[in-house]
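**Student:** What shape does this take:
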Amino acid sequence: MTSTTRPERKKVRIHHFREMKARGEKITMLTAYDIATARIFDEAGVDVLLVGDSLGDNILGQGNTAAVTLDQMIPFVRAVTGATSSAFVIGDLPFGSYEVSPQQAVTSSIRLVKEGGAHAVKFEGGRRVSAQAKAVVDAGIPFCGHLGFTPQSENMLGGHRVQGRAEGAYETMLADALALQEAGAFMVVLEMVIEPVATKLTKALDVPTIGIGAGPGTDGQVLVWLDMAGIGDWSPSFAKRYAEIGKALGKAASAYASEVKDGTFPDAGHFFSE
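**Tutor:** Numbering: from 1, shown residues only. Have a look, this model is predicted:
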């Protein structure tokens, strides 16, 4: 008899990413914030799960990422790592947890790894945080960079603005990206960067780039899972909706409420009679 059991997937390790870049294999990344979605995405074969500070907007109802604290991040990271057997898990360091000094960045990163179980940490910025990045890597913690539109700096950037259009933008971003690579970053996220600049940066770097709204020329892609799955009425223009889970969930909840109201649930098959 032929087994229908799905073959166990090997655990994604940090060295696999450069290997994937070298052979032209795209890297897949989705955000995840809880056990249920992390397990589904892990079993679906997603390479990287990012526990992003986007949970401030999408889960905690805070309206932005800047309000998220490290204490809030840790339980979500722990939930995702606890549900994951193969995917590589990156946890965001939230605003205020790394900017002050390299020592602060190391202390915060240790907490995210030790208490949350993260396999790596990510924080925003280029040359201005290269000392923090190096200190984290020197402490033995893998670091992922983040350039382009950096949500924690939204006020400085003047809102949700596409990056890379200004004169000299490529040269500035390249200097930032190379500083992160020199500091030991194993990967760099490029968010809302115009496609020509993102593609040139990808070719200039030895480490992989992960794009979000940055075109197909990066080494991989990331989306917020709620945008990808159609939760809510709106998603950014760069986020393809692969399903309409929100509408399906709404229909299920409506059907449940109706059956409870009219007394058809629970029926005989859904309770214990003795």
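**Student:** helices and strands around the helix or strand encompassing T107, which ones?
**Tutor:** Using DSSP states H and E, T107 maps to helix 102-114. Under the contact definition 3 or more C-beta pairs under 8 Å, 6 or more residues apart in numbering; DSSP states H and E, helix 102-114 sits against helix 70-83, strand 120-122, helix 130-138. In this view, the C-beta of every residue, glycine as well, is placed from N, C-alpha and C.
**Student:** Of these, give the one that comes closest to Q103.
**Tutor:** Closest approach to Q103 among the helices and strands packed on helix 102-114 (C-beta to C-beta): helix 130-138, 7.1 Å.
**Student:** What lies in contact with that closest one?
**Tutor:** 98-99, 101-106, 109, 121, 123, 143, 145, 179-180, 182-185 (C-beta atoms under 8 Å, 6 or more residues apart in numbering).
**Student:** List the buried residues for that helix?
**Tutor:** By 16 or more other C-beta atoms under 10 Å, the buried positions in helix 130-138 come out as 130, 132-137.
**Student:** Put the alpha carbons of the helix holding T107 into PDB.
**Tutor:** Taking C-alpha atoms only, helix 102-114 is exported to PDB below (Å, rounded to 0.1, in the frame of the first residue of the first chain):
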ATOM      1  CA  PRO A 102      24.300  48.400  20.600                       C
ATOM      2  CA  GLN A 103      24.000  47.000  24.200                       C
ATOM      3  CA  GLN A 104      20.300  47.700  24.200                       C
ATOM      4  CA  ALA A 105      19.900  46.000  20.800                       C
ATOM      5  CA  VAL A 106      21.800  42.900  22.200                       C
ATOM      6  CA  THR A 107      19.800  42.800  25.400                       C
ATOM      7  CA  SER A 108      16.500  43.000  23.500                       C
ATOM      8  CA  SER A 109      17.600  40.400  20.900                       C
ATOM      9  CA  ILE A 110      18.600  38.000  23.700                       C
ATOM     10  CA  ARG A 111      15.100  38.300  25.200                       C
ATOM     11  CA  LEU A 112      13.500  37.700  21.800                       C
ATOM     12  CA  VAL A 113      15.600  34.500  21.300                       C
ATOM     13  CA  LYS A 114      15.600  33.300  24.900                       C
END
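**Student:** now the angle from that helix to helix 130-138?
**Tutor:** Calculated by axes from the mean of the first three to the mean of the last three C-alpha atoms, to 10 degrees, helix 102-114 forms an angle of 40 degrees with helix 130-138.
**Student:** buried set for helix 102-114?
**Tutor:** Neighbour-count burial for helix 102-114, counted by 16+ other C-beta under 10 Å, picks out 102, 104-109, 111-113.
**Student:** That one - what's its average pLDDT?
**Tutor:** In this model, helix 102-114 has a mean pLDDT of 98.
**Student:** Please state the offset of that helix from the chain centre?
**Tutor:** Offset of helix 102-114 from its chain centre (C-alpha atoms, centre = their mean, to the nearest Å): 18 Å.
**Student:** what does it rub up against?
**Tutor:** By C-beta under 8 Å, 6+ apart, helix 102-114 touches 70, 73-74, 77, 91, 93, 97-98, 118-119, 121, 123, 129, 131-136, 139, 141, 143.
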